[in-house]
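Chemist: sequence first, predicted coordinates after that:
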Amino acid sequence: MVDYPQDDKNPSDRQFAYTLARGMDVLRCFSPERGSLSNKELSGLTGMPKATVSRFTYTLMQLGYLRSDKDTGRYLLAPAILTLAYPLLANLGVRQMARPAMHDFANAVQGSVSLGFRERMQMVYVETARARSVYSANMAEVGMAHSMISSAIGRAYLCACTSVERDALLNEAKVKTPELWEKFGEAVERSLAEYRVKRFCYSYGDLRPDIYAVAVPLIREPNMEIAVMNCVLQSYQVAKGELESNYGPRLLSLVGSLTGGVAMR
């Protein structure tokens with residue numbers, strides 16, 4: 001079942017529209033790994049009765065946010081979903097500002113460079129530049145999300161938070177995803193300590209053994225969260241220690257050039 005934000009679990013919150021939230025929960029169930037889903041599967045994922053899910057999927061189809069496979073009857077996301085994201089992307093000035101430099105950097109290192117924001121306990125890419133290389137083809141896409149505590153981009157976000165914000169997020173991670181905290185908690189604490197000196201975070205294959213990454217917080221967009229830039233590389237491209245000695249400082253310099261000479265502290 002998809003969790004609501006903590007403050008919205010209070011049944012006395014009369015402003016919270018639970019029907020709308022449940023409809024959004026249905027949409028959240030889809031992912032690259034779950035491209036098509038049946039009402040039964042959606043019921044299992046959301047914890048809602050199948051009859052309730054059926055009403056939601058019918059309504060979402062009528063609105064253009066879902067479509068049905070004519071052969072299997074399974075549901076898939078429909079193009080109207082993109083119309084929800086485009087106004088957000090179009091109004092993120094940092095994307096336009098950073099895009100040329102991101103492309104140059106990605107080609108220089110033969111990897112991918114992405115810009116991300118927090119979505120609950122994940123970091124979501126809102127802009128991506130990839131090198132002209134077949135090896136980088138599946139490393140990053142707009143809309144791709146990574147767990148905050150298991151990724152370099154997520155840990156860089158935590159480093160840029162205020163202490164109050166960071167403590168709240170770490171507590172949420174420990175409560176909601178104890179298995180991830182058990183696996184990555186020490187790496188998070190190490191990143192927080194090293195960031196004070198290095199000003200960037202890095203990961204040697206934490207998410208996938210063949211993928212390495214460095215990340216630097218960029219800015220706080222007006223009325224939004226902290227933006228973070230990362231660089232993702234294939235493991236065979238990087239010698240041990242090179243994230244700290246080469247790619248991290250270079251990404252930090254790039255971010256500094258975009259923000260008047262200093263990365264976010």
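Modeler: Perfect, thanks for sending it.

Chemist: now the farthest one out in the chain, which residue is it?
Modeler: Asp71 (32.8 Å; C-alpha atoms, centre = their mean).

Chemist: which residues touch it?
Modeler: Applying C-beta atoms under 8 Å, 6 or more residues apart in numbering to Asp71 gives no contacts. Backbone N, C-alpha and C define where each C-beta goes, glycine included.

Chemist: checking it next. Helix, strand or coil?
Modeler: coil (DSSP: H, G, I helix; E, B strand; the rest coil).

Chemist: does Arg95 touch Leu89 like I think?
Modeler: Yes: contact criterion C-beta atoms under 8 Å: Arg95 and Leu89 qualify, at 6.6 Å.

Chemist: those two: which is more packed in?
Modeler: Ranked by neighbour count (other C-beta atoms under 10 Å), Arg95 and Leu89 place Arg95 first, with 17 against 13.

Chemist: show me the contacts for that one.
Modeler: If you count contacts by C-beta under 8 Å, 6+ apart, Arg95 has them with 89, 115, 126-127.

Chemist: in CSV: those, plus distance to Val238 and secondary structure.
Modeler: Listed next are these as CSV, based on distance: C-beta to C-beta, whole Å; DSSP: H, G, I helix; E, B strand; the rest coil:
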residue, distance to Val238, secondary structure
Leu89, 30, helix
Leu115, 21, strand
Val126, 25, strand
Glu127, 23, strand
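
Chemist: just flag the most distant two among the residues you listed.
Modeler: Maximum pairwise distance among the contacts of Arg95 (C-beta to C-beta): 10.6 Å, between Leu89 and Leu115.

Chemist: next, show the common contact partners of these two.
Modeler: 95, 126-127.

Chemist: lowest-confidence helix or strand of the protein?
Modeler: When each helix and strand of the chain is scored by mean pLDDT, DSSP states H and E, strand 211-220 comes last, with a mean of 90.

Chemist: and the longest helix seen in the chain, which residues are buried?
Modeler: Longest helix of the chain, by residue count under DSSP state H: helix 178-198. Residues of helix 178-198 classed as buried by neighbour count (16 or more other C-beta atoms under 10 Å): 180-181, 184, 187-188, 191, 194-195, 198.

Chemist: that one versus strand 211-220: what angle between them?
Modeler: Calculated by axes from the mean of the first three to the mean of the last three C-alpha atoms, to 10 degrees, helix 178-198 forms an angle of 70 degrees with strand 211-220.

Chemist: following helix 178-198, which helix or strand comes up?
Modeler: The helix or strand immediately downstream of helix 178-198 is strand 201-204, counting by DSSP states H and E.
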